[in-house]
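Novice: Pasting the sequence and the predicted coordinates here, then a few questions.
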Amino acid sequence: MTAGHNSLFIPGPTNLPRRLRLAMDIGLEDQRAPDFPPFVLKLFADLKKVFKTATGQVFIFPGSGTGGWEAAITNTLSPGDKVLASRFGQFSHLWIDLCQRHGLEVEAIDVEWGEGVPVELYAERLAADKEHKIKAVLACHNETATGVTSDIAGVRKALDAAKHPAMLYVDGVSSIASIDFRMDEWGVDLAVSGSQKGFMLPTGLAIVAASQKALEAYKTAKCPRCFFDFGDMMRSNKDGYFPYTPATTLLRGLQASVDMLLEEGLENVFARHHRLAEGVRRAVDAWGLELCAKEPKWYSDTVSAICVPEGFNGNDVAKLAYLRYNLSLGLGLSKVAGKVFRIGHLGSLNELMVLSALSGAEMAMRDLGIQVEAGSGVAAAQEHYRATARPVDMSRAATAAM
Ligand SMILES: Cc1ncc(COP(=O)(O)O)c(C=O)c1O
């Protein structure tokens, strides 16, 4: 597999755009240099725009999304604190597991995989909690294992309706910078992301935003923490430095990533993800297959988990696609292992890139004997992209469509 390139369609890491690669193709630098702070302070200010927060504070830790979960939890809660959460996929499950290992008491609601945060049940539990024992409410915005997006604004409404003071924690690892996310408007107290999905970078950064209420909770939170301590970070970050050696190369990449997102415009980024995702959904329909997501309201614009027919194994589709066509698709995880394969459609992507993934998935399925009509999914997606293409001024001199 030396000719051509691997087509990376797992739901993170995503494609590394050339601009970001070049931004990181620099010598290593002095993280205590006098001209380092202006760069760092601008990066924090720009990240707030991506999280859509004016009053929150952004933290950047070396780590991945899992480290971001841990930072959010340990800085704001104490062992024995009660947490309301729901489990409907591998990532919502792992976050619950992390809370339990930190000694929190998790009231976990099990939901069928393919659905999302059960807002009505949250509303009931919060209304019933008259003594306000629940300190934190967890919501996985985009469950990457099943391709399900949840209604975070709805969770905020449930908290407000119950006049409940619990803080709202959102896993935005596969949503922030790709799908609409509004930290301040939705009253999110802790928002967690990572560098390798919507931010289009290598893995290596956990990016967490905390509200003023969360920072107040930090003062009394007793969960043990050191590497992820908000206080150490705040003391150094305010002057544009870090309490330990930062991943300077990734930080340079992150500034370039945020520049790309803001130049395209966040709303345009979200619309692009939606349009590309809709093409994938048309393809799934044309194949006669179903998504793991049970209803359109749960459909994710960053990842589609596609159910394979009885008697076939979704992981074989991904394996064959990789070995024969150098196409990386996502495997089914945990409860849905073998039942689905996943197409990640997030990050730096356009129509033809998505069509190549659909084409490879179609070939791999047919090679395995899955009865999908040759070209059917690709054609359905093509027609969607053609019908929704932006108008082009044909009188303009032919230049690359950048
Ligand atoms: C929704 C979600 N949350 C958390 C994580 C964990 O992030 P990481 O693998 O970067 O630690 C992932 C990883 O894919 C994810 O998709």
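Specialist: Sure thing, it's come through.

Novice: Would you tell me which helix is longest in this structure?
Specialist: If you go by DSSP state H, the chain has its longest helix at helix 266-286.

Novice: Averaged pLDDT, that one. What do you get?
Specialist: Mean pLDDT, taken over the full extent of helix 266-286, equals 98.

Novice: and the residue nearest to Ser236 when sequence neighbours are not counted, what does it touch?
Specialist: For Ser236, the nearest residue in space outside its immediate sequence neighbours is Pro243; the separation is 4.6 Å by CB to CB, 6 or more residues apart in numbering. Using the backbone N, CA and C atoms, a C-beta is placed for each residue, glycine as well. Pro243 makes contact with 229, 232-233, 235-236 under the criterion CB atoms under 8 Å, 6 or more residues apart in numbering.

Novice: my guess is Ser150 contacts Gly116, does it?
Specialist: Yes. With contacts defined as CB atoms under 8 Å, Ser150 counts as touching Gly116 at a distance of 3.6 Å.

Novice: Quickly list what's touching both of the two.
Specialist: Common contacts of Ser150 and Gly116 (CB under 8 Å, 6+ apart): 140, 143, 298.

Novice: Secondary structure added to the residues you listed, as JSON lines?
Specialist: Conversion of those to JSON lines gives the following (DSSP: H, G, I helix; E, B strand; the rest coil):
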{"residue": "Cys140", "secondary structure": "strand"}
{"residue": "Glu143", "secondary structure": "strand"}
{"residue": "Trp298", "secondary structure": "helix"}
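
Novice: Restricted to buried residues, select these in ChimeraX.
Specialist: The following ChimeraX selection, which keeps only the buried ones among the shared contacts of Ser150 and Gly116, applies the criterion 16 or more other CB atoms under 10 Å:
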select :140,143,298
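
Novice: okay, the shared contacts of Ser150 and Gly116 in TSV with distance to the ligand and pLDDT next?
Specialist: Output for the shared contacts of Ser150 and Gly116, formatted as TSV (distance: CB to the nearest ligand atom, whole Å; pLDDT from 0 to 100):
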residue	distance to the ligand	pLDDT
Cys140	6	98
Glu143	6	98
Trp298	14	98
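
Novice: Look at the residue nearest to Ser236 and report its pLDDT.
Specialist: pLDDT for Pro243: 98.

Novice: got a list of contacts for stretch 14-30?
Specialist: Counting by CB under 8 Å, 6+ apart, the neighbours of stretch 14-30 from elsewhere in the structure are 8, 36, 196-198, 200-202, 248-250, 252-253, 255-257, 260, 344, 346-349, 353.

Novice: when you check those residues against the strands, which ones overlap?
Specialist: With strands defined by DSSP state E, the entries of those inside them are 8, 344.

Novice: Sticking with the closest residue to the ligand within the stretch 151-300 of the chain, tell me its helix or strand.
Specialist: Here the stretch 151-300 of the chain gets closest to the ligand at one residue, Val173, 3.6 Å apart by CB to the nearest ligand atom. In this assignment (DSSP states H and E), Val173 forms part of neither any helix nor any strand.

Novice: before we move on, what about Val83?
Specialist: Val83 belongs to strand 82-87 when assigned by DSSP H and E.

Novice: How about Ser328?
Specialist: Using DSSP H and E, the secondary-structure element containing Ser328 is strand 327-329.

Novice: Who are the packing partners of that strand?
Specialist: strand 7-9, helix 314-325, strand 340-344, helix 351-367 (3 or more CB pairs under 8 Å, 6 or more residues apart in numbering; DSSP states H and E).

Novice: Need the residues that contact it.
Specialist: With contacts defined as CB under 8 Å, 6+ apart, strand 327-329 is touched by 6-10, 317-318, 321-322, 341-343, 356-357, 360-361, 364.

Novice: pretty sure Ala136 is touching Leu84, no?
Specialist: Yes. Under the criterion of CB under 8 Å, Ala136 lies in contact with Leu84, with a separation of 7.2 Å.

Novice: so what sits against both of the two?
Specialist: In terms of CB under 8 Å, 6+ apart, Ala136 and Leu84 are both contacted by the residues Ala166.

Novice: got the buried residues for the longest helix of the chain?
Specialist: For helix 266-286, the neighbour count (16+ other CB under 10 Å) marks 266, 269-270, 272-284, 286 as buried.

Novice: now stretch 70-88
Specialist: Taking 16+ other CB under 10 Å as the neighbour-count basis, stretch 70-88 is seen to contain the buried residues 70-77, 81-88.

Novice: next one: stretch 89-104
Specialist: Of the residues in stretch 89-104, those buried by neighbour count under the rule 16+ other CB under 10 Å are 89-96, 98-99, 102, 104.

Novice: give the contact list for Ser348.
Specialist: Ser348 makes contact with 14-17, 200, 260 under the criterion CB under 8 Å, 6+ apart.

Novice: With Leu250 instead?
Specialist: Leu250 sits next to 24, 195, 201-202, 204-205 when contact means CB under 8 Å, 6+ apart.

Novice: Just the buried residues of these.
Specialist: Restricting the contacts of Leu250 to buried positions leaves 24, 195, 201-202, 204-205, with burial counted as 16+ other CB under 10 Å.
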